[in-house]
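>>> I'd like to go over a predicted model; first the sequence, then the structure.
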Amino acid sequence: MENHIAYLLEHYGYFGIIFALIGGIVGLPIPDEVILTYIGYNVFQGKLSYLISIVSAFVGATGGISLSYFIGYKFGLPLLEKFGPKIHITEQKINRTKKLFKKFGPYLLLFGYFIPGVRHLTAYIAAVNGFPYRIFVVYAYTGALIWSFTFITLGRILGENWTNVELYMSKYSIYLITSLLVLSIFIYFLWKRRNRLRRGIS
């Protein structure tokens, strides 16, 4: 797998990052976290720019999740249920994401990137549920930036040990997801409070 990612970066550079993440977010069997961490490792080696890598990953992630939203909006769940199994999106994963979305709502768009098998489906489910696109963009794009930054930075910090990312994530992912949820709730209440103050002034 490392050889494939290395080939992608060597021949297509930052555009390879964008296209790989678009495909991975839409649902193709591409190891997104591995790609991002390996990008961070290349940053560590001085082969890639840290800032441009994060921007490229952000563009790819937002492009992929936006495409997923529009596919879900246009074709709904029947398309996903019909073709999903061919790209390892099972009915069990769909039902799991439905339950999570009902429980956490838009916050799932924020931290769902960090849950394997869920990030591929959050945009579809949001679109099927008629979630407004402008609100979808705020949560989904913020989550994309956090996700891209986290794994690229992790790969940069780990350096030669970048392959240990799965060990670190399996150990600490629950703390990261909890922190993101608390942060998103805090930001939401700040936003609501600011809107109330504005209405009071006007």
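Here it is on my side, so go on.

>>> quick one: low-confidence ranges for the chain?
Residues of the chain that meet the criterion pLDDT under 70 lie in 1-3, 29, 76, 78-91, 116, 164-192, 194-202.

>>> whatever helix or strand Tyr124 lives in: what's the following helix or strand?
In the assignment (DSSP states H and E), Tyr124 maps to helix 122-128. Beyond helix 122-128 on the C-terminal side, the first helix or strand identified by DSSP H and E is helix 133-158.

>>> for that following helix, packing partners?
Helix 133-158 sits against helix 32-45, helix 50-83, helix 107-111, helix 122-128, helix 165-201, with contacts defined as 3 or more C-beta pairs under 8 Å, 6 or more residues apart in numbering; DSSP states H and E. Heads up, the C-betas are built off the backbone N, CA and C, glycines and all.

>>> orientation of that helix relative to helix 32-45 in degrees?
With axes from the mean of the first three to the mean of the last three C-alpha atoms, to 10 degrees defining the directions, helix 133-158 sits at 50 degrees from helix 32-45.

>>> helix 133-158: how far from the chain's middle?
6 Å (C-alpha atoms, centre = their mean, to the nearest Å).

>>> now the angle between helix 50-83 and that helix, please.
Using the same axes, to 10 degrees: helix 133-158 against helix 50-83 is 120 degrees.

>>> list the buried ones in helix 133-158?
136, 139-156, 158 (16 or more other C-beta atoms under 10 Å).

>>> which residue packs closest to the spatially most central residue of the chain, ignoring adjacent ones?
Most central in the chain under C-alpha atoms, centre = their mean is Tyr113, positioned 3.5 Å from the mean C-alpha point. With sequence-adjacent residues excluded and distances taken as C-beta to C-beta, 6 or more residues apart in numbering, Tyr113 is closest to Trp147, at 3.8 Å.
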